[in-house]
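> just need the structure, nothing else, for what follows:
(chains A and B)
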Amino acid sequence: MISVLKAGLILFAVTPGLVLAELTTEERQMGLAIRTSLQEAGAAYNGGDHQMAGAKIQEVMFQLEEATANGSTDLINALIPMISQTEQAHALLVAKGVALPPFERPPGTSGSGGDPVADARYIDQLVAAKLKEEGLAPLPRSSDEVFLRRVYLDVAGRIPTYDEAEIFLEDSDPNKRAKLIDALMDSPAYVSHYLNYWTDILRIRDKLTKNSPGILYRDWVRKALIKNMPYDQFVRELIVARGYMWENPAAGFYIRDKNMPLDHLANAAQVFLGTQMQCAQCHDHPFDEWTQMDFYNLAAFTYGIQTDQKPISAKKLGGKFKGVTGESWYGFVKDYTTPLGSRARFDSKTQLVLPEDYQYGDGKPFDVVAPMTLFGEQAALEGEADPSAALADWMTSPENPRFALMIANRLWSQVMGAGIIEPIDDLSASRLASDGPLLEYLTQKIIDYRFDLKQYLRLVLHSEVYQRETYAVELQPGERSDFRGPLYRRMTAEQAWDSLMTLIVPDLDERYGEFELAERYRVAPGLLNRSDEELIPAFIEQRDRKQMLNQLEEMEHRLDRARRGKGNQSGPKKVEEIQEQIAELQQQIDSTPGLTALIREEERESSDPMDRELKEARKRAKENPIYFAFPKGARRASEIQMPAEQGHFLQEFGQSDRELIENSSTDASITQALALLNGPYFDDVLSGKSVLMTRVKDVERPEDKIRVIFLSVLTRPPSANEMSICRDAAEKHGEKGYQDIIWALLNTREFTFVN
Amino acid sequence: MKELLDRSPEVTRRDFARFAAGSFLGLSMLPEIKAQAAAAKAKNCIYLFMSGGMSHMETLDPKPEADGRGLTQTIKTNVPGIQLGQYLPSLARHMDKCAIVRSINSTQGAHLQGRYFMHTSYAMRGTIVHPSLGAWVNKLSDRSRDIPDFVKMGGSNKVSGVGFFESKYSPLPVNNPGNGLDNSSLHKDLTQERFDRRLDLSNQLDQAYRERYDRKDVRSYTDMYSDAIRLMQSKDLEVFDLSKESDFTRKSYGDDRLGRACLLARRLVENDVRFIQIHDGEWDHHGNIYDRLPDKAGALDRVLSALLDDLAARGLLDSTLVVLATEFGRTPVINGRGGRNHYPKAFSCLLAGGGIQGGQVYGATDKHGREIIENKVSVPDFNATIAHQMGMPLDLTLFSPSMRPFQIAHHGKPILDLV
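Below you'll find the model as predicted:
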């Protein structure tokens, strides 16, 4: 292994610089003196002289104490990165047996996790130093309009509404960018956006396999995002996930690759360690260092985890109905009991053996393979039957040389448009050797933040680098960016769809998916351990309930048609009529609980308050009167079928089919262009009820209407030339003219690409 | 290749991919591949896939003496010695144009896996999606046309899609063969005049932006819009309009989905589209096979015969390879529900036209339809035969973005006895 990110080396690899501009001459001198001592400590440590390093660190501690006791706020802020490093160096040296007085953080600086806003300045210094070294200039700070659109797309996954844009652009607070970043990070829109991101990485579909629902798994990831579950815990919970889907939805991690345990492991190594081992599945890796034996050793950790089916026999249960109703119930019962069956469980008898064509000297075909990890320290296996917990420990440890680096690079790439190392999920040894101080610093930060991903994202977003103008370079595959600004790119399919929805639906971010079709998945746990006396009447009632649910769905379709269609089945009166019918039917459904009568009790027992919270949020959204004023499908990409059906805007725009890791595309295609030109996708934006058209009608003057359109669609006011072109169109064609302008803007490259 | 990597420690996998793409497909090889394809017997291919598993026992390999022959009677064809199942009487009159392969062996017994194997020649994996045969043809033909060289009607993208190739080699999907190309005509609320006005407005408002961001990805969007607009006005669109055909022709194909799909396929062949794939479902006859199969087979019999007649009458059959394939056969024994289960061990497919010697049978199963007793053909072999007829280079290796090497038919050997 060429690059071993041993804690000490990475700690001392770079000494933080200083933002000198705001300091007095005296303060500068003070800061630079501390920096020199710290550098000397690093040199001593790297030279193997721990005692000398200790002495230097002690010197730094005195200097810091003095500087922070008398210094200005500016000086203290400038010193924070160095304080963090000193603190860590102190802990490291104490761990190495060097005797030092206890380190006390000077007052006025934040706790051990660090402060992303202050840490971000160090990112800027590292990038600036690198650019300077190469004789390059950073790009200027972006305009507020550009920043606004970008940060909404990157954090909330959609463009801002007209109102949101106005509020930000008119705010005169110099700190408004930071305020916006923090507000967006805590919004439900962040969860929606990152739910798309993680379900794409984990290849979560509504149908994981033929009989395994993915909806529960999707909701598990959603909850992890709401809770901001630390990333190491997130990965650990996936790796050790066992049980039925309804007990532990994270088991979907294994069920997703049912009967393909080797592929599953290769995928896990790629996603969490940036290590591509698919080749080594069949032979030694031709372009990387992995041997087939390495792969088998790693796969041996999880090979015993079996995915299987069927805890309740639908046949047996179905047969009992014959006595009651005289009909066969097999099919109906099976629908509800089958989803119960998917589970991941450990089977100690399943051992991984070398394949029949194994061709290398270090083993023979059919030899049993022992679990062994790839790099860093070996996983501690203490005679446990199930080794996957040891794998999780090893993988998610801050000592693992790839785990923290992988996620630091991944999220940097997600926000900045390219990884520091590319491709992000193929960190071969030669690439790691040249990762440079920026990635080392980011890696250290994500460890400092204890894998708090929100904290880490804040760090990147608060950097000046992120807030610069777009760097419109066309990188070749594998080529590195110098990050003179964030990279230019096309919106993802989900960003494009969610942005369209932003122009249509006012309560967009509150519209959680309801997953009506998932009733059969939700009721499943309630069926366990029930007597026939409980089950049989509930199933019989469920049959009526299901019929009503089908009817409800059909009515909602009619409602959609009535809203947008022509002819005698449409119009406001018809809409009202159908809405009344729906309300009536809904009452009937509520009084026919069927199998749901069996789940309620179980849900009350749910140990996870998040379950109830989510349920409440879904209920609340429906109580809002405008909820039913828009089509059912007008929701964010994270709240509808996953992946979307063929022919859906999301699919046309390149949404991942969830077959492979991050399998989405941003390529143009002729069917996509045809769909945008002639398809129905913009109809709802142009309809009178949309957020955009409502705002356009709110103002009188053509100039104001045009301004509303530009700010809503492109997040900027029109230029004088654009204003005159559009005024022309509006004068000639009235309301149709405004529709034409909107359509025209939605079909521009400026709408589709992110600056 | 390994030496190349050893010599230059700087070479990354991606660089290597570029090198590989350059040396195999760039300036040096592509003209040769194109020349080979142009000289091939089969310029075009219509690939009919009977999805679900077409029973060989009832169709192409009837077994009058088998224990599990069921209700199927055997009929004669216009080639002495070759017999078919009773549900294919019209095809029997075209046997002189067809070659049946009765000894195909697949390793995949589940639907999705079986279909995937038939279309890609590779077993399904969790870490890669392989391009299907049509995507290979599209990529290697690499022609710039209004209608791409790979059109497909039905079937999932995973099984028969572009795989790891660039998305521009994706099939053009035609979801409803009678209804033209999706979204190729004006939105119902628009006049041509208003559409033009909108387009003009869009171009005006975006012009400065496009000039400022004159990049490949932005340009490719602009190009794609132009292509789409050109296609909307293109005479080529007429190819999708089946009303241009005479009543007689339309009747002979039949007014069902399969009939319309095959008629459209013939029109696409006239338009020189190289690979047209048609997916016909509901062949999974686990129960009551004799209630359900006769209608399916009857429709296939009518449509396939009409297609062969039509191609022959227009002088297109010699240059058009017609393939009838399925993911597996069905068990030689009738099960308790009066149906047959999946049987990948031995089954049949059919080839016609495109330089194939008609009137012959290749390979054989035993009298029960159970074991292959002569000339076993693997799925890659079968696909290699199609690729060979189309002049595709079987030994060409292309690399996936993860740098794994793949061939068009996974080292299958073409059955040269058929040509």
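> excluding covalently adjacent residues, which one is nearest to A:D288?
What sits nearest to A:D288 in space, not counting adjacent residues and going by C-beta to C-beta, 6 or more residues apart in numbering or on different chains, is A:S428, at 5.0 Å. Just so you know, the C-beta spots here come from the backbone N, C-alpha and C atoms, and that holds for glycine as well.
> tell me if I'm right that that neighbour and A:H285 touch.
No: with contact defined as C-beta atoms under 8 Å, A:S428 does not reach A:H285; the gap is 9.3 Å.
> how far does the one helix or strand A:L38 maps to sit from its chain's centre?
When elements are defined using DSSP states H and E, A:L38 is found to belong to helix A:25-46. In terms of C-alpha atoms, centre = their mean, to the nearest Å, the centre of helix A:25-46 is found 39 Å from the chain centre.
> mind listing what's buried in it?
Taking 16 or more other C-beta atoms under 10 Å in any protein chain shown as the basis for neighbour counts, the residues of helix A:25-46 that come out buried are A:27-28, A:30-31, A:34-35, A:37-38, A:40-42, A:44-45.
> now, among the residues you listed, which is nearest to chain B?
Of all the buried residues of helix A:25-46, A:G42 has the smallest distance to chain B: 29.0 Å, by C-beta to the nearest C-beta.
> B:G354 sits in which helix or strand?
Under the assignment given by DSSP H and E, B:G354 is not contained in any helix or strand.
> residues in contact with the residue nearest the centre of chain A?
With distances taken as C-alpha atoms, centre = their mean, chain A has A:Y194 as the residue nearest its mean C-alpha position (2.8 Å). Residues counted as contacts of A:Y194 (C-beta atoms under 8 Å, 6 or more residues apart in numbering or on different chains) are A:G157, A:L225.
> give the rounded mean pLDDT of the one helix or strand it maps to.
Assignment of secondary structure by DSSP H and E places A:Y194 within helix A:188-201. Per-residue pLDDT values across helix A:188-201 average out to 96.
> likewise for stretch B:396-413?
Taken as a whole, stretch B:396-413 carries a mean pLDDT of 90.
> and what of stretch B:230-237?
87.
> now that stretch: buried residues?
The neighbour-count check on stretch B:230-237 (16+ other C-beta under 10 Å) flags B:L231, B:M232, B:D236, B:L237 as buried.
> other residues contacting that stretch?
Taking contacts as C-beta under 8 Å, 6+ apart, the residues outside stretch B:230-237 that touch it are A:I670, A:L674, A:L677, A:N678, B:D146, B:I147, B:G180, B:L181, B:S184, B:S185, B:L186, B:N271.
> let me know the closest of those to A:S72.
Checking those against A:S72 with C-beta to C-beta, the nearest one is A:L677 at 59.9 Å.
> report the contact partners of the closest residue to that closest one other than its chain neighbours.
Counting by C-beta to C-beta, 6+ apart, A:L677 lies nearest to B:A228, which is 5.9 Å off, once chain neighbours are set aside. When contacts are counted by C-beta under 8 Å, 6+ apart, B:A228 is found next to A:I670, A:A673, A:L674, A:L677.
> one more time with 10 Å, if that's ok
B:A228 makes contact with A:668-678, B:146, B:183-184, according to C-beta atoms under 10 Å, 6 or more residues apart in numbering or on different chains.
> just the buried ones from those?
Buried members of the contacts of B:A228, counted by 16+ other C-beta under 10 Å: A:668-678, B:146, B:183-184.
> from those, which land in helices?
Using DSSP state H, A:I670, A:T671, A:Q672, A:A673, A:L674, A:A675, A:L676, A:L677, A:N678 are the members of these that sit in helices.
> ok, the fourth one - contacts?
Yep, that's A:A673 we're talking about. With contact taken as C-beta under 10 Å, 6+ apart, A:A673 is in contact with A:652, A:747, B:183, B:221-229, B:231-232.
> so which of these are in helices?
Using DSSP H, the members of the contacts of A:A673 that fall within helices are A:E652, B:Y221, B:T222, B:D223, B:M224, B:Y225, B:S226, B:D227, B:A228, B:I229, B:L231, B:M232.
> strands along chain A, start to end?
A:207-209, A:212-213, A:243-244, A:305-308, A:343-346, A:489-490, A:753-754 (DSSP state E).
> tell me how many other residues crowd A:V127.
By other C-beta atoms under 10 Å in any protein chain shown, 20 other residues sit near A:V127.
> what residue in chain B comes nearest to chain A?
Here the residue of chain B nearest chain A is B:G126; by C-beta to the nearest C-beta that distance is 3.1 Å.
> ok, the closest residue to that residue other than its chain neighbours to A:Q281 distance?
Excluding the flanking residues, the one nearest B:G126 by C-beta to C-beta, 6+ apart is A:D263, at 3.1 Å. Here A:D263 is placed at a distance of 8 Å from A:Q281 (C-beta to C-beta, to the nearest Å).
> still on that earlier bit, what's the closest of the ones in helices among the contacts of A:A673 to B:D196?
When the ones in helices among the contacts of A:A673 are compared for distance to B:D196 (C-beta to C-beta), B:I229 comes out closest, at 9.8 Å.
> now do the contacts for that closest one.
When contacts are counted by C-beta under 10 Å, 6+ apart, B:I229 touches A:A673, A:L674, A:L677, B:F195, B:D196, B:L199.
> any idea how far it is from A:P160?
31 Å.
> shaky segments in the stretch 451-600 of chain A?
For the stretch 451-600 of chain A, residues meeting the criterion pLDDT under 70 lie at A:477-478, A:514-518, A:564-567, A:600.
> please apply the same query to chain B.
Per-residue confidence for chain B (pLDDT under 70) gives these ranges: B:1-30.
> that older thread, JSON lines for the buried ones among the contacts of B:A228, including distance to B:K244?
Rendered in JSON lines, the data for the buried ones among the contacts of B:A228 read as follows (distance: C-beta to C-beta, whole Å):
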{"residue": "A:A668", "distance to B:K244": "30"}
{"residue": "A:S669", "distance to B:K244": "27"}
{"residue": "A:I670", "distance to B:K244": "22"}
{"residue": "A:T671", "distance to B:K244": "23"}
{"residue": "A:Q672", "distance to B:K244": "27"}
{"residue": "A:A673", "distance to B:K244": "25"}
{"residue": "A:L674", "distance to B:K244": "21"}
{"residue": "A:A675", "distance to B:K244": "25"}
{"residue": "A:L676", "distance to B:K244": "28"}
{"residue": "A:L677", "distance to B:K244": "24"}
{"residue": "A:N678", "distance to B:K244": "21"}
{"residue": "B:D146", "distance to B:K244": "17"}
{"residue": "B:N183", "distance to B:K244": "20"}
{"residue": "B:S184", "distance to B:K244": "15"}
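> which among the residues you listed gets closest to A:T350?
When the buried ones among the contacts of B:A228 are compared for distance to A:T350 (C-beta to C-beta), A:S669 wins out at 43.7 Å.
> and the residue nearest to the closest one when sequence neighbours are not counted, what does it touch?
Distance criterion C-beta to C-beta, 6+ apart; nearest residue to A:S669, sequence neighbours excluded, is B:S167 at 6.1 Å. Contact analysis of B:S167 by C-beta under 10 Å, 6+ apart lists A:G654, A:S665, A:T666, A:D667, A:A668, A:S669, A:Q672, B:G161.
> coming back round to it: between the contacts of stretch B:230-237, which sits nearest A:V708?
Distance to A:V708, by C-beta to C-beta, is smallest for A:L677 among these, at 24.5 Å.
> would you mind naming what in the stretch 301-419 of chain B lies close to chain A?
In this structure, the stretch 301-419 of chain B approaches chain A at residues B:S400, B:P401, B:S402, B:M403, B:R404, B:P405, judged by C-beta under 10 Å from any C-beta of the partner chain.
> pretty sure A:T715 contacts A:P160?
Yes: applying C-beta atoms under 10 Å, one finds A:T715 in contact with A:P160, separated by 6.2 Å.
> just the strands in the stretch 1-150 of chain B please.
If you assign secondary structure with DSSP state E, counting those that start in this stretch, the strands in the stretch 1-150 of chain B sit at B:44-50, B:74-76, B:83-85, B:98-105, B:150-153.
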